[in-house]
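In: need a structure here:
(one chain, ligands or ions: 1)
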Amino acid sequence: MKRLWIVGLAVVLCSMMAQAQEWFQDFESDPLYQLPAQWFRSGNEDSYVSADQSWSGAQSFRLHGSVGGCWGAHVHRLLGRKLPYVIRMKVRTGAERLYSCHPDYARVQLRVGPSWRERGLAVIHFTDGKRILTRGNHDLGSFELERWYDVAVLCEETADDKMAMSYWIDADFRGTFEFNRWELQDQIAWLCLVAEEGTAWYDDVSIESIYDVEGSIKIRDTDPEELVVTLVQRRARRQHTVPDKDGDYAFETLVHPSKRYWIVINKKSQGLRPPRRRLRKPHPMPSPGHGK
Ligand SMILES: [Ca+2]
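Out: Next up is the predicted model:
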């Protein structure tokens, strides 16, 4: 039986409508120099919509943690759903020299409440050593300061009641890591973006739902010309763009029955801009399926 993981916009599955993209925010319609709609601040309140950097359009969400001061900027938005989901964003760090008690430029967390004081889980962080680390500090490779990165993290509960996170950087699969169940896992409700120290910009932030389906999919209520559907083999680097015929996307010929996949459905105008520069070969490369 084919088991496919669907992520995307509005998808028809077995004649049922499912809203697959929980929310997407590009900060283009939010007023400059203010906290964007739906977000809460905690910690250092130096966080606002900015036009000094952007991935999409002209604006992004700029956060600044006190340099050398142990006072990071945290912002929080409701996830809107329970596991599983994909957290996707573009993130860019500043180039300050960090020397505080938590020298990370950018950090993404999941929390039970909208404050840095609430308990939570790390998802990914960009350290002062220019390494990208997962929850549990698995090393995903190096990064460059003052450069946008496309980050996608699939968060899911696994069959034995653990949590797994799978990471893509600039659409390059970097590995799946499994963790023991967290005692408050069922209470996770908030996405938290952080600049622990120095500046971080975030853009095109989204929470995408995942569905198990069989067979082909049909997409409606959107202009198919505006969509790109990509089939991703889970725990592997292989990706295929799925051919489109008037909104019908047939992927049967692309999948292997013993493999697991998910599908990414994006608007051409949302987050599909190719990275300006590819990361150099990651070092060290984590082993896909670690701990599984
Ligand atoms: Ca933007």
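
In: what comes into contact with stretch 97-110?
Out: 65-70, 72, 79, 87, 89, 91, 93-94, 96, 120-128, 145, 151, 153, 155, 188, 190-200, 202 (Cβ atoms under 8 Å, 6 or more residues apart in numbering). No exception for glycine: its C-beta is placed from N, CA and C like everyone else's.

In: if any of the residues you listed are buried, put those into a ChimeraX selection.
Out: Typed into ChimeraX, the next command selects the buried ones out of those (criterion: 16 or more other Cβ atoms under 10 Å):
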select :65,66,67,72,79,87,89,91,93,94,96,120,121,122,123,124,125,126,127,128,151,153,155,188,190,191,192,193,194,195,196,197,198,199,200,202
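
In: mind listing which of the contacts of stretch 97-110 are in helices?
Out: Assigned to helices by DSSP state H, none of the contacts of stretch 97-110 qualify.

In: nearest to the spatial middle of the chain, which residue is it?
Out: R88 (2.3 Å; Cα atoms, centre = their mean).

In: mind listing what that one touches?
Out: R88 touches D150, V151, A152, V153, D204, V205, S206, I207, E208, G271, counting by Cβ under 8 Å, 6+ apart.

In: beta partners of it?
Out: Judged by DSSP bridges, the bridge partners of R88 are A152, S206.

In: how long is stretch 177-189 from one end to the other?
Out: For stretch 177-189, the first-to-last residue distance is 21 Å (Cα to Cα, to the nearest Å).

In: do stretch 69-89 as well
Out: Between the opening and closing residues of stretch 69-89 lies a distance of 27 Å (Cα to Cα).

In: please identify the residues of the stretch 101-250 of the chain in proximity to the ion?
Out: With Cβ under 5 Å from the ion as the criterion, the stretch 101-250 of the chain comes near the ion at residues D203.

In: do that again at 8 Å, thanks
Out: D203, D204 (Cβ under 8 Å from the ion).

In: closest residue of the stretch 101-250 of the chain to the ion?
Out: Here the stretch 101-250 of the chain gets closest to the ion at one residue, D203, 4.4 Å apart by Cβ to the ion.

In: which parts of the stretch 51-200 of the chain are strands?
Out: 60-65, 73-78, 85-93, 104-111, 120-127, 131-134, 139-142, 148-157, 163-169, 172-179, 190-195, 198-209 (DSSP state E, counting those that start in this stretch).

In: relative to strand 190-195, how tilted is the fifth one?
Out: Relative orientation of strand 120-127 with respect to strand 190-195: 30 degrees, computed using axes from the mean of the first three to the mean of the last three Cα atoms, to 10 degrees.

In: strand 120-127 - contacts with which helices or strands?
Out: strand 85-93, strand 104-111, strand 131-134, strand 148-157 (3 or more Cβ pairs under 8 Å, 6 or more residues apart in numbering; DSSP states H and E).

In: so I169 touches L140, yeah?
Out: Yes: counting by Cβ atoms under 8 Å, I169 touches L140, with 6.2 Å between them.

In: intersection of neighbour lists for these two?
Out: Common contacts of I169 and L140 (Cβ under 8 Å, 6+ apart): I132.
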